[in-house]
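>>> the amino acid sequence is not available; the structure is as follows:
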Ligand code: MSP
(Lines give C-alpha, C1' and ligand atoms only; values in the text may rest on other atoms or scores of the structure.)
Protein backbone atom coordinates (compact mmCIF):
# COMPACT_ATOMS: atom_id res chain seq x y z
CA UNK A 1 0.00 0.00 0.00
CA UNK A 2 1.40 3.45 -0.85
CA UNK A 3 2.29 5.45 2.21
CA UNK A 4 0.51 8.73 2.78
CA UNK A 5 2.63 11.79 3.31
CA UNK A 6 2.09 13.45 6.64
CA UNK A 7 4.09 16.57 7.39
CA UNK A 8 2.84 18.22 10.58
CA UNK A 9 4.06 21.33 12.37
CA UNK A 10 3.48 23.31 15.55
CA UNK A 11 4.24 27.03 15.59
CA UNK A 12 7.84 27.81 16.42
CA UNK A 13 7.55 29.36 19.86
CA UNK A 14 9.21 32.62 20.90
CA UNK A 15 12.42 31.43 22.46
CA UNK A 16 12.29 34.00 25.26
CA UNK A 17 8.93 32.71 26.51
CA UNK A 18 9.02 30.02 29.14
CA UNK A 19 7.22 27.00 27.70
CA UNK A 20 3.80 26.88 29.34
CA UNK A 21 0.74 24.71 29.23
CA UNK A 22 -0.61 26.57 26.16
CA UNK A 23 2.48 25.74 24.11
CA UNK A 24 2.29 22.20 25.46
CA UNK A 25 -1.31 21.88 24.29
CA UNK A 26 -0.49 22.46 20.62
CA UNK A 27 2.66 20.38 20.80
CA UNK A 28 0.94 17.41 22.45
CA UNK A 29 -1.90 17.49 19.93
CA UNK A 30 0.64 17.48 17.09
CA UNK A 31 2.49 14.62 18.73
CA UNK A 32 -0.67 12.52 19.01
CA UNK A 33 -1.31 13.00 15.30
CA UNK A 34 2.30 12.26 14.39
CA UNK A 35 2.29 9.04 16.42
CA UNK A 36 -1.09 8.02 15.05
CA UNK A 37 0.06 8.51 11.45
CA UNK A 38 3.34 6.68 12.09
CA UNK A 39 1.32 3.78 13.40
CA UNK A 40 -0.68 3.79 10.16
CA UNK A 41 2.61 3.46 8.28
CA UNK A 42 2.51 6.98 6.86
CA UNK A 43 5.64 8.87 5.89
CA UNK A 44 5.61 11.29 8.84
CA UNK A 45 7.67 14.37 9.51
CA UNK A 46 6.86 16.27 12.70
CA UNK A 47 8.46 19.65 13.27
CA UNK A 48 8.53 22.09 16.16
CA UNK A 49 11.12 24.69 17.15
CA UNK A 50 11.89 28.19 18.28
CA UNK A 51 11.47 31.67 16.83
CA UNK A 52 14.66 33.52 17.72
CA UNK A 53 14.87 36.89 15.97
CA UNK A 54 13.35 40.30 16.59
CA UNK A 55 13.56 43.43 18.69
CA UNK A 56 12.01 41.88 21.77
CA UNK A 57 14.64 39.16 21.96
CA UNK A 58 17.48 41.60 21.28
CA UNK A 59 16.18 43.80 24.07
CA UNK A 60 16.03 40.90 26.52
CA UNK A 61 19.52 39.80 25.50
CA UNK A 62 20.97 43.20 26.14
CA UNK A 63 19.29 43.29 29.56
CA UNK A 64 20.92 39.94 30.28
CA UNK A 65 24.23 41.43 29.07
CA UNK A 66 24.60 38.82 26.39
CA UNK A 67 24.87 38.84 22.64
CA UNK A 68 21.55 37.87 21.06
CA UNK A 69 22.97 34.60 19.77
CA UNK A 70 24.48 33.63 23.13
CA UNK A 71 21.20 34.56 24.73
CA UNK A 72 19.01 32.41 22.48
CA UNK A 73 21.46 29.49 22.64
CA UNK A 74 20.93 29.52 26.38
CA UNK A 75 17.12 29.43 26.05
CA UNK A 76 16.61 26.69 23.50
CA UNK A 77 17.41 23.76 25.85
CA UNK A 78 14.47 24.68 28.07
CA UNK A 79 12.10 24.05 25.17
CA UNK A 80 13.88 20.89 24.10
CA UNK A 81 13.87 19.41 27.58
CA UNK A 82 10.21 20.33 28.08
CA UNK A 83 9.26 18.43 24.95
CA UNK A 84 11.40 15.48 25.98
CA UNK A 85 9.70 15.45 29.34
CA UNK A 86 6.29 15.35 27.66
CA UNK A 87 7.42 12.54 25.38
CA UNK A 88 7.14 14.63 22.21
CA UNK A 89 8.43 12.73 19.19
CA UNK A 90 9.35 15.62 16.89
CA UNK A 91 11.66 14.53 14.09
CA UNK A 92 13.61 17.78 14.13
CA UNK A 93 13.79 20.92 16.21
CA UNK A 94 13.93 24.05 14.09
CA UNK A 95 15.81 27.22 15.05
CA UNK A 96 15.43 30.35 12.94
CA UNK A 97 19.07 31.23 13.62
CA UNK A 98 20.10 28.26 11.48
CA UNK A 99 22.38 29.83 8.79
CA UNK A 100 20.89 27.64 6.07
CA UNK A 101 17.45 28.96 6.94
CA UNK A 102 18.71 32.52 6.70
CA UNK A 103 19.85 31.87 3.14
CA UNK A 104 16.55 30.28 2.14
CA UNK A 105 14.59 33.22 3.55
CA UNK A 106 16.69 35.64 1.52
CA UNK A 107 16.20 33.57 -1.62
CA UNK A 108 12.45 33.58 -1.14
CA UNK A 109 12.36 37.34 -0.67
CA UNK A 110 14.47 37.79 -3.79
CA UNK A 111 12.08 35.60 -5.76
CA UNK A 112 9.04 37.48 -4.49
CA UNK A 113 10.64 40.74 -5.59
CA UNK A 114 11.52 39.31 -8.99
CA UNK A 115 7.92 38.19 -9.44
CA UNK A 116 6.73 41.73 -8.77
CA UNK A 117 5.22 41.11 -5.36
CA UNK A 118 7.37 43.44 -3.27
CA UNK A 119 7.47 47.23 -3.23
CA UNK A 120 9.40 49.78 -1.15
CA UNK A 121 7.25 52.37 0.62
CA UNK A 122 7.32 54.99 3.29
CA UNK A 123 5.44 53.78 6.33
CA UNK A 124 4.26 55.56 9.44
CA UNK A 125 2.43 53.92 12.25
CA UNK A 126 2.06 53.04 15.91
CA UNK A 127 4.47 50.27 16.77
CA UNK A 128 4.15 47.99 19.78
CA UNK A 129 7.46 46.32 20.63
CA UNK A 130 5.62 43.75 22.76
CA UNK A 131 3.56 42.57 19.79
CA UNK A 132 6.36 43.24 17.30
CA UNK A 133 3.85 44.86 15.03
CA UNK A 134 2.14 48.07 14.05
CA UNK A 135 -1.23 48.64 15.66
CA UNK A 136 -4.11 50.67 14.30
CA UNK A 137 -5.96 53.26 16.38
CA UNK A 138 -8.80 50.77 16.55
CA UNK A 139 -6.57 48.17 18.20
CA UNK A 140 -5.80 50.45 21.17
CA UNK A 141 -7.55 50.62 24.51
CA UNK A 142 -7.12 53.98 26.23
CA UNK A 143 -4.23 54.73 23.92
CA UNK A 144 -2.42 51.57 24.98
CA UNK A 145 -1.81 48.16 23.51
CA UNK A 146 -4.49 45.98 25.10
CA UNK A 147 -2.10 43.03 25.47
CA UNK A 148 0.98 44.84 26.75
CA UNK A 149 -0.65 47.82 28.49
CA UNK A 150 1.96 50.09 26.97
CA UNK A 151 1.62 53.05 24.63
CA UNK A 152 2.87 52.13 21.19
CA UNK A 153 5.58 54.37 19.74
CA UNK A 154 5.10 56.44 16.61
CA UNK A 155 7.51 55.15 14.02
CA UNK A 156 8.16 56.12 10.50
CA UNK A 157 10.35 54.05 8.27
CA UNK A 158 10.96 52.94 4.75
CA UNK A 159 9.91 49.34 4.42
CA UNK A 160 9.50 46.69 1.85
CA UNK A 161 5.91 45.61 1.43
CA UNK A 162 4.51 42.30 0.36
CA UNK A 163 1.71 43.02 -2.09
CA UNK A 164 -0.76 40.72 -0.42
CA UNK A 165 -3.77 41.96 -2.37
CA UNK A 166 -2.04 41.46 -5.69
CA UNK A 167 -0.86 37.94 -4.91
CA UNK A 168 -4.28 37.00 -3.58
CA UNK A 169 -5.90 38.17 -6.76
CA UNK A 170 -3.34 36.67 -9.16
CA UNK A 171 -3.30 33.33 -7.38
CA UNK A 172 -6.96 33.14 -6.42
CA UNK A 173 -6.30 32.81 -2.72
CA UNK A 174 -9.93 33.41 -1.73
CA UNK A 175 -11.12 30.66 -4.06
CA UNK A 176 -8.43 28.27 -2.86
CA UNK A 177 -9.61 28.64 0.72
CA UNK A 178 -13.26 28.59 -0.20
CA UNK A 179 -12.90 25.35 -2.18
CA UNK A 180 -10.80 23.73 0.59
CA UNK A 181 -7.78 23.44 -1.68
CA UNK A 182 -6.27 25.09 1.39
CA UNK A 183 -8.28 23.52 4.17
CA UNK A 184 -8.82 26.08 6.94
CA UNK A 185 -10.42 24.53 9.99
CA UNK A 186 -12.57 24.59 12.10
CA UNK A 187 -15.15 25.70 9.57
CA UNK A 188 -16.15 28.75 11.64
CA UNK A 189 -12.54 29.98 11.40
CA UNK A 190 -12.53 29.38 7.66
CA UNK A 191 -15.58 31.61 7.34
CA UNK A 192 -13.94 34.32 9.43
CA UNK A 193 -10.87 34.23 7.25
CA UNK A 194 -12.93 34.38 4.07
CA UNK A 195 -14.95 37.34 5.20
CA UNK A 196 -11.82 39.16 6.31
CA UNK A 197 -10.24 38.61 2.90
CA UNK A 198 -13.42 39.87 1.27
CA UNK A 199 -13.35 43.05 3.31
CA UNK A 200 -10.00 43.89 1.68
CA UNK A 201 -6.40 42.82 2.04
CA UNK A 202 -3.79 45.31 3.17
CA UNK A 203 -0.24 44.92 1.97
CA UNK A 204 2.15 43.74 4.66
CA UNK A 205 5.38 45.37 5.67
CA UNK A 206 8.00 42.63 5.58
CA UNK A 207 11.14 44.46 6.66
CA UNK A 208 12.32 46.60 9.56
CA UNK A 209 14.75 49.48 9.57
CA UNK A 210 15.54 49.59 13.25
CA UNK A 211 15.73 45.95 14.17
CA UNK A 212 19.25 44.65 13.90
CA UNK A 213 18.69 41.17 15.26
CA UNK A 214 17.22 39.56 12.19
CA UNK A 215 17.97 38.19 8.77
CA UNK A 216 19.49 40.85 6.50
CA UNK A 217 17.20 42.04 3.76
CA UNK A 218 18.74 40.90 0.46
CA UNK A 219 20.41 43.81 -1.31
CA UNK A 220 19.63 46.36 1.42
CA UNK A 221 21.79 46.29 4.52
CA UNK A 222 19.73 48.97 6.23
CA UNK A 223 16.85 46.53 6.73
CA UNK A 224 16.16 43.18 8.29
CA UNK A 225 13.34 40.82 7.43
CA UNK A 226 10.26 41.02 9.60
CA UNK A 227 10.30 38.20 12.18
CA UNK A 228 6.96 36.82 11.13
CA UNK A 229 8.06 36.24 7.54
CA UNK A 230 11.30 34.70 8.76
CA UNK A 231 9.34 32.50 11.17
CA UNK A 232 6.72 31.24 8.71
CA UNK A 233 9.37 30.21 6.23
CA UNK A 234 10.75 27.72 8.80
CA UNK A 235 8.17 25.20 7.67
CA UNK A 236 9.51 25.29 4.14
CA UNK A 237 13.22 25.61 5.01
CA UNK A 238 13.01 22.48 7.12
CA UNK A 239 12.15 20.38 4.08
CA UNK A 240 15.30 21.64 2.34
CA UNK A 241 17.63 21.52 5.33
CA UNK A 242 16.90 18.12 6.83
CA UNK A 243 16.57 16.16 3.62
CA UNK A 244 14.17 13.67 5.15
CA UNK A 245 10.45 13.20 5.49
CA UNK A 246 7.84 13.68 2.80
CA UNK A 247 8.98 17.20 1.78
CA UNK A 248 6.85 20.21 0.91
CA UNK A 249 3.87 20.91 1.13
CA UNK A 250 2.96 20.60 4.78
CA UNK A 251 -0.03 18.37 5.39
CA UNK A 252 -1.14 20.35 8.40
CA UNK A 253 -0.05 23.42 10.35
CA UNK A 254 -1.41 23.35 13.88
CA UNK A 255 -1.70 26.45 16.08
CA UNK A 256 -4.09 28.48 18.22
CA UNK A 257 -6.50 30.99 16.77
CA UNK A 258 -4.24 33.95 17.70
CA UNK A 259 -1.98 33.32 14.73
CA UNK A 260 -4.37 31.83 12.20
CA UNK A 261 -4.29 34.84 9.87
CA UNK A 262 -0.53 34.56 9.43
CA UNK A 263 -0.85 30.87 8.59
CA UNK A 264 -4.02 30.86 6.52
CA UNK A 265 -3.44 34.02 4.48
CA UNK A 266 0.02 35.56 4.64
CA UNK A 267 1.92 32.28 4.51
CA UNK A 268 0.02 30.80 1.54
CA UNK A 269 0.46 34.14 -0.24
CA UNK A 270 4.24 34.01 0.21
CA UNK A 271 4.31 30.47 -1.16
CA UNK A 272 2.02 31.16 -4.09
CA UNK A 273 4.04 34.28 -4.85
CA UNK A 274 7.13 32.14 -5.49
CA UNK A 275 5.25 29.37 -7.30
CA UNK A 276 5.25 26.87 -4.44
CA UNK A 277 2.27 24.90 -3.21
CA UNK A 278 0.35 26.26 -0.22
CA UNK A 279 -0.07 24.05 2.88
CA UNK A 280 -2.84 21.49 2.60
CA UNK A 281 -4.44 22.29 5.93
CA UNK A 282 -4.28 25.00 8.58
CA UNK A 283 -5.99 24.14 11.84
CA UNK A 284 -6.52 26.64 14.66
CA UNK A 285 -7.49 25.36 18.07
CA UNK A 286 -8.90 27.45 20.89
CA UNK A 287 -7.32 29.21 23.82
CA UNK A 288 -6.79 27.99 27.34
CA UNK A 289 -7.70 29.97 30.37
CA UNK A 290 -6.53 28.97 33.84
CA UNK A 291 -9.30 28.78 36.39
CA UNK A 292 -11.29 31.09 34.15
CA UNK A 293 -8.53 33.67 33.82
CA UNK A 294 -6.25 34.54 30.95
CA UNK A 295 -2.91 32.87 31.57
CA UNK A 296 -0.29 35.46 32.39
CA UNK A 297 2.96 35.82 34.27
CA UNK A 298 1.76 38.93 36.05
CA UNK A 299 -1.37 37.22 37.35
CA UNK A 300 0.93 34.37 38.39
CA UNK A 301 -1.38 31.61 37.16
CA UNK A 302 0.93 30.08 34.57
CA UNK A 303 0.90 26.29 34.79
CA UNK A 304 4.28 24.75 34.14
CA UNK A 305 3.92 21.57 32.09
CA UNK A 306 7.19 20.19 33.49
CA UNK A 307 6.00 20.51 37.10
CA UNK A 308 2.75 18.79 36.12
CA UNK A 309 4.60 15.99 34.33
CA UNK A 310 6.89 15.51 37.33
CA UNK A 311 3.91 15.15 39.58
CA UNK A 312 1.38 13.25 37.46
CA UNK A 313 3.52 11.83 34.66
CA UNK A 314 3.67 12.99 31.05
CA UNK A 315 0.84 10.71 29.94
CA UNK A 316 -1.59 12.11 32.49
CA UNK A 317 -0.83 15.66 31.37
CA UNK A 318 -1.26 14.68 27.72
CA UNK A 319 -4.54 12.96 28.54
CA UNK A 320 -5.96 15.69 30.76
CA UNK A 321 -5.25 18.51 28.31
CA UNK A 322 -6.78 16.82 25.30
CA UNK A 323 -9.73 15.40 27.22
CA UNK A 324 -10.81 18.67 28.79
CA UNK A 325 -12.68 20.28 25.87
CA UNK A 326 -13.18 19.78 22.13
CA UNK A 327 -10.19 20.69 20.00
CA UNK A 328 -10.99 23.94 18.22
CA UNK A 329 -12.99 25.44 21.08
CA UNK A 330 -11.80 27.54 24.00
CA UNK A 331 -11.60 25.93 27.39
CA UNK A 332 -10.30 26.08 30.88
CA UNK A 333 -7.69 24.09 32.75
CA UNK A 334 -6.36 23.94 36.29
CA UNK A 335 -4.18 21.63 38.31
CA UNK A 336 -7.27 20.42 40.12
CA UNK A 337 -8.79 19.26 36.85
CA UNK A 338 -5.62 17.37 35.97
CA UNK A 339 -5.54 15.76 39.44
CA UNK A 340 -9.18 14.69 39.21
CA UNK A 341 -8.74 13.09 35.86
CA UNK A 342 -5.65 11.33 37.15
CA UNK A 343 -7.50 9.88 40.10
CA UNK A 344 -10.88 9.05 38.60
CA UNK A 345 -10.25 8.26 34.95
CA UNK A 346 -6.66 7.06 34.92
CA UNK A 347 -6.01 5.39 38.27
CA UNK A 348 -9.57 4.22 39.04
CA UNK A 349 -10.59 3.76 35.41
CA UNK A 350 -7.88 2.40 33.18
CA UNK A 351 -5.35 1.42 35.87
CA UNK A 352 -7.93 -0.42 37.90
CA UNK A 353 -9.37 -2.54 35.14
CA UNK A 354 -5.93 -3.67 34.03
CA UNK A 355 -4.90 -4.62 37.55
CA UNK A 356 -8.17 -6.31 38.29
CA UNK A 357 -8.06 -8.36 35.12
CA UNK A 358 -4.46 -9.43 35.54
CA UNK A 359 -4.85 -10.33 39.21
CA UNK A 360 -7.91 -12.47 38.46
CA UNK A 361 -6.05 -14.20 35.65
CA UNK A 362 -3.30 -15.11 38.07
CA UNK A 363 -5.56 -15.88 41.04
CA UNK A 364 -7.77 -18.27 39.06
CA UNK A 365 -4.82 -19.60 37.04
CA UNK A 366 -6.55 -18.93 33.74
CA UNK A 367 -4.67 -19.84 30.60
CA UNK A 368 -4.47 -16.85 28.23
CA UNK A 369 -4.46 -17.30 24.49
CA UNK A 370 -2.92 -14.17 23.04
CA UNK A 371 -4.49 -14.12 19.59
CA UNK A 372 -5.91 -10.68 18.87
CA UNK A 373 -9.58 -9.86 18.76
CA UNK A 374 -11.33 -7.46 16.42
CA UNK A 375 -11.60 -4.01 17.95
CA UNK A 376 -14.88 -3.00 19.52
CA UNK A 377 -16.76 -0.48 17.44
CA UNK A 378 -16.24 2.29 20.00
CA UNK A 379 -12.52 1.87 19.62
CA UNK A 380 -12.75 1.90 15.84
CA UNK A 381 -14.69 5.14 16.08
CA UNK A 382 -12.09 6.54 18.45
CA UNK A 383 -9.41 6.00 15.83
CA UNK A 384 -11.56 7.54 13.12
CA UNK A 385 -12.11 10.57 15.33
CA UNK A 386 -8.39 11.24 15.11
CA UNK A 387 -8.64 11.73 11.36
CA UNK A 388 -10.84 14.73 12.14
CA UNK A 389 -8.70 15.92 15.08
CA UNK A 390 -11.50 15.15 17.52
CA UNK A 391 -9.14 14.24 20.34
CA UNK A 392 -11.63 14.78 23.10
CA UNK A 393 -14.19 12.59 21.38
CA UNK A 394 -11.64 9.84 20.78
CA UNK A 395 -10.73 9.78 24.45
CA UNK A 396 -14.37 9.82 25.56
CA UNK A 397 -15.06 6.81 23.35
CA UNK A 398 -12.11 4.87 24.74
CA UNK A 399 -13.16 5.64 28.30
CA UNK A 400 -16.74 4.66 27.48
CA UNK A 401 -15.36 1.30 26.46
CA UNK A 402 -13.42 1.02 29.72
CA UNK A 403 -16.65 1.73 31.60
CA UNK A 404 -18.47 -0.96 29.62
CA UNK A 405 -15.78 -3.49 30.47
CA UNK A 406 -15.97 -2.61 34.14
CA UNK A 407 -19.72 -3.16 33.99
CA UNK A 408 -19.20 -6.52 32.34
CA UNK A 409 -17.01 -7.56 35.27
CA UNK A 410 -19.63 -6.40 37.74
CA UNK A 411 -22.41 -8.26 35.93
CA UNK A 412 -20.62 -11.48 35.20
CA UNK A 413 -18.94 -11.68 38.59
CA UNK A 414 -15.83 -13.72 37.74
CA UNK A 415 -15.42 -14.53 41.47
CA UNK A 416 -18.75 -16.41 41.26
CA UNK A 417 -17.90 -18.01 37.91
CA UNK A 418 -14.72 -19.33 39.55
CA UNK A 419 -16.90 -21.47 41.76
CA UNK A 420 -19.19 -23.09 39.19
CA UNK A 421 -18.23 -22.28 35.57
CA UNK A 422 -14.53 -22.22 34.89
CA UNK A 423 -15.01 -22.34 31.13
CA UNK A 424 -17.05 -19.19 31.19
CA UNK A 425 -14.52 -17.63 33.56
CA UNK A 426 -11.69 -18.40 31.17
CA UNK A 427 -13.67 -17.03 28.24
CA UNK A 428 -14.41 -13.81 30.12
CA UNK A 429 -10.87 -13.18 31.27
CA UNK A 430 -9.45 -14.01 27.84
CA UNK A 431 -11.88 -11.58 26.34
CA UNK A 432 -10.94 -8.84 28.79
CA UNK A 433 -7.30 -9.51 28.08
CA UNK A 434 -7.86 -8.99 24.35
CA UNK A 435 -9.96 -5.90 24.94
CA UNK A 436 -7.18 -4.40 27.04
CA UNK A 437 -4.64 -5.21 24.33
CA UNK A 438 -6.84 -3.32 21.87
CA UNK A 439 -7.16 -0.41 24.27
CA UNK A 440 -3.39 -0.26 24.62
CA UNK A 441 -3.16 0.10 20.82
CA UNK A 442 -5.74 2.85 20.63
CA UNK A 443 -4.36 4.91 23.51
CA UNK A 444 -0.80 4.63 22.22
CA UNK A 445 -0.71 7.98 20.36
CA UNK A 446 -2.13 9.77 23.41
CA UNK A 447 -0.27 7.95 26.16
CA UNK A 448 2.72 6.20 24.66
CA UNK A 449 4.42 5.06 27.85
CA UNK A 450 1.19 3.85 29.45
CA UNK A 451 0.47 1.87 26.29
CA UNK A 452 3.94 0.30 26.47
CA UNK A 453 3.49 -0.57 30.14
CA UNK A 454 0.12 -2.12 29.43
CA UNK A 455 1.54 -4.21 26.62
CA UNK A 456 4.35 -5.39 28.87
CA UNK A 457 1.98 -6.40 31.66
CA UNK A 458 -0.42 -8.11 29.28
CA UNK A 459 2.50 -10.16 28.03
CA UNK A 460 3.94 -11.19 31.41
CA UNK A 461 0.54 -11.20 33.14
CA UNK A 462 2.10 -9.42 36.11
CA UNK A 463 -0.01 -6.51 37.38
CA UNK A 464 1.68 -3.31 38.52
CA UNK A 465 -0.11 -0.01 39.15
CA UNK A 466 -0.17 2.14 36.00
CA UNK A 467 -1.04 5.27 37.93
CA UNK A 468 0.22 5.10 41.49
CA UNK A 469 -1.37 7.23 44.22
CA UNK A 470 -0.02 10.76 44.29
CA UNK A 471 1.32 12.11 47.57
CA UNK A 472 -0.44 15.37 48.40
N1 LIG B 1 6.58 32.78 17.26
C2 LIG B 1 5.19 32.88 16.92
C3 LIG B 1 4.77 31.76 16.00
C4 LIG B 1 5.49 31.71 14.71
S5 LIG B 1 4.98 30.33 13.77
C6 LIG B 1 5.61 30.59 12.23
C7 LIG B 1 4.34 32.79 18.18
N8 LIG B 1 4.90 32.19 19.23
S9 LIG B 1 4.20 31.99 20.66
O10 LIG B 1 5.25 31.50 21.52
O11 LIG B 1 3.51 33.15 21.08
O12 LIG B 1 3.21 30.81 20.48
C13 LIG B 1 1.89 30.97 20.07
C14 LIG B 1 1.23 29.63 20.09
O15 LIG B 1 1.34 29.04 21.40
C16 LIG B 1 -0.27 29.62 19.86
O17 LIG B 1 -0.64 29.67 18.52
C18 LIG B 1 -0.61 28.29 20.47
O19 LIG B 1 -0.16 27.27 19.61
C20 LIG B 1 0.21 28.29 21.73
N21 LIG B 1 -0.49 28.97 22.83
C22 LIG B 1 0.00 30.03 23.52
N23 LIG B 1 -0.88 30.35 24.51
C24 LIG B 1 -1.93 29.53 24.47
C25 LIG B 1 -3.11 29.37 25.23
N26 LIG B 1 -3.38 30.14 26.27
N27 LIG B 1 -3.97 28.40 24.86
C28 LIG B 1 -3.71 27.57 23.80
N29 LIG B 1 -2.61 27.70 23.08
C30 LIG B 1 -1.70 28.67 23.35
O31 LIG B 1 3.20 33.22 18.15
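Done, it's in. If you're wondering where the values come from, they're calculated on a predicted model, not measured in any experiment.
>>> what is the burial count for whichever residue of the chain sits closest to the ligand?
Closest approach of the chain to the ligand (Cβ to the nearest ligand atom) occurs at residue 22, with a separation of 2.4 Å. In short, each C-beta sits where N, CA and C put it, glycine included. Number of residues near residue 22 (other Cβ atoms under 10 Å) recorded here: 22.
>>> what sits closest to it if chain neighbours are left out?
residue 288 (5.2 Å; Cβ to Cβ, 6 or more residues apart in numbering).
>>> ok, the one you found touching residue 26?
No - with contact defined as Cβ atoms under 8 Å, residue 288 does not count as touching residue 26 (10.2 Å).
>>> returning to what we had before: number of nearby residues for the residue nearest to residue 22?
A count of neighbours around residue 288, defined by other Cβ under 10 Å, yields 21.
>>> returning to that earlier point: mind checking how far the residue of the chain closest to the ligand is from residue 361?
43 Å (Cβ to Cβ, to the nearest Å).
>>> then residue 278?
Counting by Cβ to Cβ, the gap from residue 278 to residue 361 is 54 Å.
>>> repeat that for residue 241.
Distance from residue 241 to residue 361, by Cβ to Cβ: 51 Å.
>>> comparing the two, which residue is more hemmed in?
Between residue 241 and residue 361, counting by other Cβ under 10 Å, residue 361 is the more crowded of the two (22 against 17).
>>> so what's that one up against?
Counting by Cβ atoms under 8 Å, 6 or more residues apart in numbering, residue 361 makes contact with 368, 429, 433, 461.
>>> assign it to helix, strand or coil.
What DSSP: H, G, I helix; E, B strand; the rest coil gives for residue 361 is helix.
>>> let's verify the closest residue to residue 130 other than its chain neighbours: helix, strand, or coil?
Excluding the flanking residues, the one nearest residue 130 by Cβ to Cβ, 6+ apart is residue 148, at 3.3 Å. Assigned by three-state DSSP, the conformation of residue 148 is coil.
>>> residue 148 against residue 128, yeah?
Yes - assessed by Cβ under 8 Å, residue 148 is found in contact with residue 128 at 6.0 Å.
>>> compare the two (neighbour count), which wins?
The neighbour comparison of residue 148 against residue 128 (other Cβ under 10 Å) goes to residue 128, with 21 against 13.
>>> show me what the more buried one is bridged to.
When bridges are called by DSSP bridges, residue 128 pairs up with residue 133.
>>> nearest spatial neighbour of residue 94, chain-adjacent residues omitted?
residue 49 (3.0 Å).
>>> how many neighbours does residue 365 have?
The local packing of residue 365 (other Cβ under 10 Å) involves 9 other residues.
>>> got the contact list for residue 315?
87, 346, 446-450.
>>> now name the helix or strand holding residue 46.
For residue 46, the element it lies in under DSSP states H and E is strand 43-51.
>>> just confirm yes or no for that strand near the ligand.
Yes - counting by Cβ under 6 Å from any ligand atom, the ligand is contacted by strand 43-51 at residue 51.
>>> would you map the helices across the stretch 201-350 of the chain?
227-232, 234-241, 260-261, 267-273, 305-312, 314-324, 335-340 (DSSP state H, counting those that start in this stretch).
>>> so is the longest one next to the ligand?
No - when contact is scored as Cβ under 6 Å from any ligand atom, no part of helix 314-324 falls within range of the ligand; the minimum is 9.5 Å.
>>> that helix: how far from the chain's middle?
13 Å (Cα atoms, centre = their mean, to the nearest Å).
>>> and what of the third one?
Centroid separation between helix 260-261 and its chain, computed with Cα atoms, centre = their mean, is 15 Å.
>>> which secondary structure elements does it contact?
In terms of contacts (3 or more Cβ pairs under 8 Å, 6 or more residues apart in numbering; DSSP states H and E), helix 260-261 is packed against helix 187-198.
>>> enumerate the positions of the helix it packs on that are buried.
189-190, 192-194, 197 (16 or more other Cβ atoms under 10 Å).
>>> next: stretch 290-309.
290, 295, 303, 305-306, 308-309.
>>> which members of these additionally contact the ligand?
residue 295.
>>> save the buried residues of stretch 290-309 as JSON lines, and put in distance to residue 119 too.
Output for the buried residues of stretch 290-309, formatted as JSON lines (distance: Cβ to Cβ, whole Å):
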{"residue": "290", "distance to residue 119": "44"}
{"residue": "295", "distance to residue 119": "39"}
{"residue": "303", "distance to residue 119": "45"}
{"residue": "305", "distance to residue 119": "43"}
{"residue": "306", "distance to residue 119": "46"}
{"residue": "308", "distance to residue 119": "48"}
{"residue": "309", "distance to residue 119": "49"}
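>>> from the buried residues of stretch 290-309, which one has the minimum pLDDT?
Minimum pLDDT across the buried residues of stretch 290-309 is recorded for residue 295, with 81.
>>> no further queries at this time; thank you.
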